[in-house]
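**Q** need the 3D shape of this:
(4 chains)
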There are 2 protein chains.
Amino acid sequence: MATRTDAPTRREQILKEAARLFAERGFHGVGVDEIGAAVGISGPGLYRHFAGKDAMLAELLVGISGQLLTGGKRRVAEADGGAEAVLDSLVEGHIDFALDDRPLITLHDRELDRLRDSDRKLVRQLQRQYVELWVEVVREVYPALTEPTARSAVHSVFGLLNSTPHLGRPGALPGRGVTAALLHRMARGAFAAAAGDAVL
Amino acid sequence: MATRTDAPTRREQILKEAARLFAERGFHGVGVDEIGAAVGISGPGLYRHFAGKDAMLAELLVGISGQLLTGGKRRVAEADGGAEAVLDSLVEGHIDFALDDRPLITLHDRELDRLRDSDRKLVRQLQRQYVELWVEVVREVYPALTEPTARSAVHSVFGLLNSTPHLGRPGALPGRGVTAALLHRMARGAFAAAAGDAVL
DNA sequence: CAGGGAGGTTAGCGGTCGTTAACCTGGACG
DNA sequence: CGTCCAGGTTAACGACCGCTAACCTCCCTG
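**A** Model (predicted):
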């Protein structure tokens, strides 16, 4: 992703605040007036930028899933070294995302069912592709894993990595690098154990 | 827990259905009429059993946290063998819970903020005690872990174990025992890796 | 300098939802 | 056999919320 130096557009401000509020109190728990207030305009002013409250959530969730998948594909294509290196790169990318965009990670697996059918199908499809990307790489590193087992393991590791919102507010943590390293180690350890490697 | 053979009371029916609906569509996404319909009575009839919709959520969340903590304490007290055996017992108990009561696991970390202040504080306190129970045992097994690191590791492993709702509907799974064993292995592998043990 | 669109504002409509009120009913029990 | 209460019912109220309508006001541009 190209680094952004220009000021965020109003649309982006709204999306960011909406993500935070949705993550904190749930989609139905947040009113449009609150979202407006969070960016300094009031309620119905949002409708100059979005078709409705649903559209904000849809754009957030589609955006998340798309970013994860795109980033994952890029890492698979670019990583040099064996399958081990690719897996490490995937883990690193997911951790970056989980640490930098906690509200989005929270929304990701919490508000999916609030979407229109078509949007939900799209998000699910992107998520599935992302999972399959991981499954392929994991099975390359650990050929002992059957496909269903590898898929379960991937979902479980996502659960592990996505636990960042529960780790206390950023600042109470030992430091970003240390936390990232811990998560990385644990994810790799979990995969290795799934494959039956000795972990004693 | 004593095994129940008698029929569930109406209160219990309501709580069970409410948990399922809350987990599926979120607290604010479910109306009292739906909850009533799920147990064969209609809307306001619920108020003969609960003070309000909030009270149902509160009872569910306090119940979950209390059960987890009580079960955890019991396992710590009863487990024979060393710290390893205690940790295995804790993991096993948490997995049983995650596999048997998926809706509750979902609610557990999703709807906490919808509670009255006093209830939320109570739930948080029970959760904290449960985490500390784990932290102590984990540090006994892996003395290399500092306390903050052990706490982070415990939260992350909870994320891993609580991923069961994402593993596909129960029936698409390879079988309960197999899944439980996989989760157990991965949890132990994650802890071992957190402590820096070789996992290659 | 006229004009028009982008991006705000406030007022208010329509629907939904939690909750209460008022009423009904069957069965346990003195 | 009368009574009373647990556990239902339907009607309706009041609050809230998403969204639209109508209007205003810069600022850019021909």
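**Q** domains in chain A, by residue range?
**A** A:8-50, A:53-195 (the TED database).
**Q** assign the spatially most central residue of chain A to helix, strand or coil.
**A** Among the residues of chain A, the one closest to the centroid is A:Ile105, at 4.3 Å (C-alpha atoms, centre = their mean). Recorded secondary structure, A:Ile105: helix (DSSP: H, G, I helix; E, B strand; the rest coil).
**Q** ok, it to B:Pro170 distance?
**A** 25 Å (C-beta to C-beta, to the nearest Å). Placement of C-beta: from N, CA and C, glycine included.
**Q** and if you look at A:Asp101?
**A** Counting by C-beta to C-beta - A:Asp101 and B:Pro170 are separated by 31 Å.
**Q** who has more neighbours, these two?
**A** A:Asp101 (18 against 14; other C-beta atoms under 10 Å in any protein chain shown).
**Q** output the contacting helices and strands for the worst-scoring helix or strand of chain A on mean pLDDT.
**A** The helix or strand of chain A with the poorest confidence is helix A:102-108; it has a mean of 94 (mean pLDDT, DSSP states H and E). Helix A:102-108 sits against helix A:10-25, helix A:53-78, helix A:83-100, with contacts defined as 3 or more C-beta pairs under 8 Å, 6 or more residues apart in numbering or on different chains; DSSP states H and E.
**Q** centre of the chain to it, how far?
**A** 6 Å (C-alpha atoms, centre = their mean, to the nearest Å).
**Q** give the next helix or strand downstream of that helix.
**A** helix A:117-141 (DSSP states H and E).
**Q** quick one: average confidence on whichever helix or strand comes after that following helix?
**A** For helix A:117-141, the succeeding helix or strand toward the C-terminus, using DSSP H and E, is helix A:147-161. For helix A:147-161, mean pLDDT rounds to 98.
**Q** helices or strands up against the helix or strand just after helix A:147-161?
**A** Moving toward the C-terminus from helix A:147-161, the next helix or strand (DSSP H and E) is helix A:176-194. Using 3+ C-beta pairs under 8 Å, 6+ apart, the elements in contact with helix A:176-194 are helix A:83-100, helix A:147-161, helix B:147-161, helix B:176-194.
**Q** what's the mean pLDDT across the longest one?
**A** The reference is to helix B:176-194. Helix B:176-194 comes out with an average pLDDT of 98.
**Q** nearest residue to the residue in chain A that DNA strand C sits nearest to other than its sequence neighbours?
**A** Residue nearest to DNA strand C within chain A: A:Gly45 (3.1 Å; C-beta to the nearest atom of the strand). Among residues not flanking A:Gly45 along the chain, A:Gly36 sits closest, at 5.6 Å (C-beta to C-beta, 6 or more residues apart in numbering or on different chains).
**Q** could I get the contacting residues of the one you found?
**A** A:Ser42, A:Gly43, A:Pro44, A:Gly45, A:Leu46 (C-beta atoms under 8 Å, 6 or more residues apart in numbering or on different chains).
**Q** so which of the residues you listed sit within strands?
**A** When strands are assigned by DSSP state E, not one member of the contacts of A:Gly36 lies inside them.
**Q** list buried residues within those residues.
**A** Buried members of these, counted by 16 or more other C-beta atoms under 10 Å in any protein chain shown: A:Gly45, A:Leu46.
**Q** re earlier: can I get the helices and strands packed on helix A:102-108 in TSV with mean pLDDT?
**A** Formatted as TSV, those follow (pLDDT from 0 to 100):
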stretch	mean pLDDT
helix A:10-25	97
helix A:53-78	98
helix A:83-100	98
